[in-house]
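Asks: Sequence first, predicted model second:
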Amino acid sequence: MRWTALETDVVDLEAFIAINRARNWDEFRQALTLYGGPPQNFAYADTAGHIGHHTAGRIPLRKTGDGSVPYDGTTDDGDWVRFIPFEELPHVLDPVSGIIIAANNRIVGDDYPHHITHNWRVPYRARRIHNLLKAREKLTIADFFAIQGDTYSYPDAIFAAEVVRIGQPLAKESNEWRELVDALTGWDGYSNSESTVLPIITQMRATFRRHILESVLGTELEKLFEWRNEATFIDRLIVERPSDWLPDGFTSYESLILECYRETRASLAERLGADSEKWTWGRLEPVRFPHPLERLESIGSSFAINAFPQNTGGSMPTVNAGARVSLRFVADLSDWAMTRVCLPLGESGELSSPHRDDQFSEWRNVTARALPFDDDDIAKVCRNVLVIKPSAS
């Protein structure tokens, strides 16, 4: 077995120092040639108005195949031959569209000559970001934070719309279908903590997926199955409803959907109580920030942050609003003083630190404080100075 992270000639500190000192696109690219860690997407922008994107890192090319499944170890068929040359890694400078989006989505076309992965994330986030960026000719810092806090859920909106379309003619003859259609009709596709639609639709979609995959893989393998782009497959099934994917035991997709609704109601009643008016998204999926030291019996509870109702989520992560978001950052290259940044809780994990959770409200409300750059601006907001001195020994 071989892994790029264990290559002894990789020193990424040098690469990041060079990135921080780059003054233009050429120097930025030169700095990236030093980077040998796990492949990453690097975004570029400068005060001259240029924008760019470059993948960097070592991606091996093999004698045969692409490494997505194990090889016969008695042959050298899976041996690495070389890495994708840096010049051939995906990159772009100043695209005609004026927009660059890297949201774990596929970034190369079918004509790209090298294999990167079969497991791209679904394109929902990239599509949503693109649509919001194109909605206005000029965008402000507030617009970018609105994009980062956007909670529209494509997969849930698609699933809900199809269920309503399928169910409307059936609702005339069935109380269950009428109840389901009435619950979903008019939903705008956005998640929020008070939504009573999102708990129903996310659970129905998950149940729909389970029935489909159990019929093909069996119960045990269904629990283990993961494919990052599977959501688009579920979209296709609910929209096209191909007969060859209808699970065993169901005579139609209508009967499958109705069974998913019945199981969803039973599950929500068990988890949230019998009163369906209290089946809100905030109660079903509250936000938590787990800490690894929570597991300690004596002091673990001190590290826990109380769960709270969330506005974000759904069947897939929203643009940049979920609990796993590590950072929100908006830079204004025409005025560095307008740059804004916030962390989900704060910059410290120390219990006694005032910076443990002093950015929590900004994260929750999708706002952020200014990040001073000039010496005078830094001096105005400075409260403490940390001086680190080398040991005399």
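Replies: Cool, the structure landed. Computed from a predicted model, the values in this text were never measured in an experiment. Numbers count the residues shown, from 1 in each chain.
Asks: what's next to the helix or strand of the chain with the lowest mean pLDDT, contact-wise?
Replies: In the chain, the helix or strand scored least confidently by mean pLDDT, DSSP states H and E is helix 300-303, which has a mean of 74. Helix 300-303 is contacted from outside by 291, 293-294, 296, 351, using C-beta atoms under 8 Å, 6 or more residues apart in numbering. In short, each C-beta sits where N, CA and C put it, glycine included.
Asks: go again using 10 Å as the cut-off
Replies: Applying C-beta atoms under 10 Å, 6 or more residues apart in numbering, the external contacts of helix 300-303 come out as 289-296, 349, 351, 356.
Asks: Just give me how far that helix sits from the chain centre.
Replies: Centroid separation for helix 300-303 versus its chain: 28 Å, with C-alpha atoms, centre = their mean, to the nearest Å.
Asks: Now do the buried residues in it.
Replies: Applying a neighbour-count criterion of 16 or more other C-beta atoms under 10 Å, the buried positions in helix 300-303 are residue 303.
Asks: picking that back up, which among the contacts of helix 300-303 end up buried?
Replies: 289, 291, 356.
Asks: list the buried ones in the strand or helix carrying residue 233?
Replies: Assigned by DSSP states H and E, residue 233 belongs to helix 230-240. The neighbour-count check on helix 230-240 (16+ other C-beta under 10 Å) flags 231, 234-235, 237-238 as buried.
Asks: Just give the nearest non-adjacent residue to residue 337, would you?
Replies: Excluding the flanking residues, the one nearest residue 337 by C-beta to C-beta, 6 or more residues apart in numbering is residue 377, at 6.0 Å.
Asks: typed the wrong thing, it's residue 329
Replies: Using C-beta to C-beta, 6+ apart, the closest residue to residue 329 is residue 341 (4.9 Å).
Asks: Verify the contact between that neighbour and residue 373 for me.
Replies: No - Residue 341 is beyond contact range of residue 373, at 11.4 Å (criterion: C-beta atoms under 10 Å).
Asks: how about the strands of this protein, start to end?
Replies: 40-45, 51-56, 60-62, 80-83, 91-93, 328-330, 340-342, 369-370 (DSSP state E).
Asks: any idea how far the second one is from the chain center?
Replies: Distance, stretch centre to chain centre, for strand 51-56: 19 Å (C-alpha atoms, centre = their mean).
Asks: Residue ranges of each domain in the chain, please.
Replies: What automatic domain parsing lists as the domains of the chain is 4-119, 121-322, 326-393.
Asks: Which stretch among these is buried most, on average?
Replies: Counting by mean count of other C-beta atoms under 10 Å, domain 121-322 has the highest mean neighbour count of these, with a mean of 16.
Asks: quick one: contacts for the nearest residue to residue 307 once chain neighbours are set aside?
Replies: With sequence-adjacent residues excluded and distances taken as C-beta to C-beta, 6+ apart, residue 307 is closest to residue 286, at 3.9 Å. By C-beta under 10 Å, 6+ apart, residue 286 lies in contact with 193, 306-310, 323.
Asks: Any stretches of the stretch 201-350 of the chain with poor pLDDT?
Replies: Across the stretch 201-350 of the chain, the ranges flagged by pLDDT under 70 are 316-324.
Asks: any idea where the helices of it begin and end?
Replies: 219-224, 230-240, 253-272, 281-284, 300-303 (DSSP state H, counting those that start in this stretch).
Asks: could you dump those helices to TSV with distance to residue 183?
Replies: Putting the helices of the stretch 201-350 of the chain into TSV (distance: least, C-beta to C-beta, whole Å) gives the following:
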stretch	distance to residue 183
helix 219-224	27
helix 230-240	17
helix 253-272	9
helix 281-284	14
helix 300-303	38
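Asks: closest to residue 212 out of the ones you listed?
Replies: helix 230-240 (6.4 Å; C-beta to C-beta).
Asks: Kindly provide the distance from residue 388 to residue 371.
Replies: 22 Å (C-beta to C-beta, to the nearest Å).
Asks: picking up where we left off before, any idea which of the strands of the chain gets closest to residue 384?
Replies: Of all these, strand 369-370 comes closest under C-beta to C-beta, at 16.2 Å.
Asks: Adjacent strands (with direction) for that closest one?
Replies: strand 340-342 (antiparallel) (DSSP bridges).
Asks: what does the partner strand contact?
Replies: So strand 340-342 is contacted by 141-142, 144-145, 148, 325, 327-332, 359-371 (C-beta under 10 Å, 6+ apart).
Asks: closest one to residue 30 among the helices of the stretch 201-350 of the chain?
Replies: helix 230-240 (37.6 Å).
Asks: Could you list every helix and strand in contact with the closest one?
Replies: When contacts are defined as 3 or more C-beta pairs under 10 Å, 6 or more residues apart in numbering; DSSP states H and E, helix 230-240 sits against helix 124-134, helix 154-170, helix 197-217, helix 253-272.
Asks: contacting residues around residue 13?
Replies: Residue 13 touches residue 34, counting by C-beta under 10 Å, 6+ apart.
Asks: So it versus residue 31, what's the distance?
Replies: The gap separating residue 13 from residue 31 is 12 Å, by C-beta to C-beta.
Asks: start to end distance for stretch 140-156?
Replies: 29 Å (C-alpha to C-alpha, to the nearest Å).
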